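Asks: Have a look; sequence and predicted model below, questions after that.
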Amino acid sequence: MALTRWDPFTTLARLDQDFDELVRRTWGGQPAGSSGRSRMTAGFVPAIEMRADGADVLITFELPGVDVEKDVDIEVAEGRLTISGERRDRSEERDESGKVLVRELRYGSFRREFALPDGVSAAQVEATYDQGLLQVRVREVSKPAVPPQKVSIRAAGEQRTIEGSTEPTS
């Protein structure tokens, strides 16, 4: 009987490949064994944080490793702000001799859309990118809240007097 040495990394890699194929068959994607683009377990969806900053809204995207000048587009059309782009797998450019044992990094195209209030134009949108964070500021989105105002209540039995002149108008 021959002894076979068990390698946990080979087992994990095979499990990862089987899971990738199952996900691809269920939700679409690249067929197993296809050449070209690297295999992806799922599309890339960047995490965001959205907060009010005075009258502005600030949306921050986590986009580490993304070349925003080449791979990200920001558009305002038909009352919607759309941020789309792609995180590319840079390992494709390296030596293909090594196999991926575990892949938790996600690559692929993404698209996020946000409804804008009426009257917001592209001139009110500005974006900056620093240290893997894309910040999109939409200026003057929220209007200042109108303070509550009291409305007087009159009693139901209260009679109103109508004043007028008895003289005919000519």
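Replies: Received, thanks.

Asks: Now do the helices in the protein.
Replies: 8-27, 68-71 (DSSP state H).

Asks: and the ones you listed, which one's lowest on average pLDDT?
Replies: Least confident of the helices of the chain, judged by mean pLDDT, is helix 8-27 with a mean of 66.

Asks: okay, now residue 51: neighbour count?
Replies: Using other Cβ atoms under 10 Å, residue 51 has 9 neighbouring residues. No exception for glycine: its C-beta is placed from N, CA and C like everyone else's.

Asks: tell me the contacts of the closest residue to it other than its chain neighbours?
Replies: Ranked by Cβ to Cβ, 6 or more residues apart in numbering and with sequence neighbours excluded, the top spatial neighbour of residue 51 is residue 58, at 5.6 Å. If you count contacts by Cβ atoms under 8 Å, 6 or more residues apart in numbering, residue 58 has them with 50-52, 135-138.

Asks: Residue 75 now?
Replies: By Cβ under 8 Å, 6+ apart, the residues touching residue 75 are 81-82, 84, 122.

Asks: same thing but at 7 Å, please
Replies: Shown in contact with residue 75 (Cβ atoms under 7 Å, 6 or more residues apart in numbering): residue 82.

Asks: Kindly report the same for the one 5 residues further on.
Replies: Shown in contact with residue 80 (Cβ under 7 Å, 6+ apart): 113-116.

Asks: and with 6 Å instead?
Replies: Each residue near residue 80 by Cβ atoms under 6 Å, 6 or more residues apart in numbering is listed here: residue 113.

Asks: can you tell me how far it sits from residue 70?
Replies: Taking Cβ to Cβ, to the nearest Å as the measure, residue 80 falls 23 Å from residue 70.

Asks: what do you get for residue 109?
Replies: For residue 109, the distance to residue 70 - Cβ to Cβ - is 13 Å.

Asks: Residue 58 too?
Replies: According to Cβ to Cβ, residue 58 and residue 70 sit 24 Å apart.

Asks: Run a quick check on residue 124 versus residue 139, I expect a contact.
Replies: Yes - the criterion here is Cβ atoms under 6 Å, and residue 124 meets it with residue 139 at 4.5 Å.

Asks: Can you get me a residue count around the closest residue to residue 46 other than its chain neighbours?
Replies: Distances taken as Cβ to Cβ, 6+ apart put residue 61 closest to residue 46, at 4.7 Å, once the chain neighbours are dropped. The tally of other residues near residue 61 (other Cβ under 10 Å) stands at 23.
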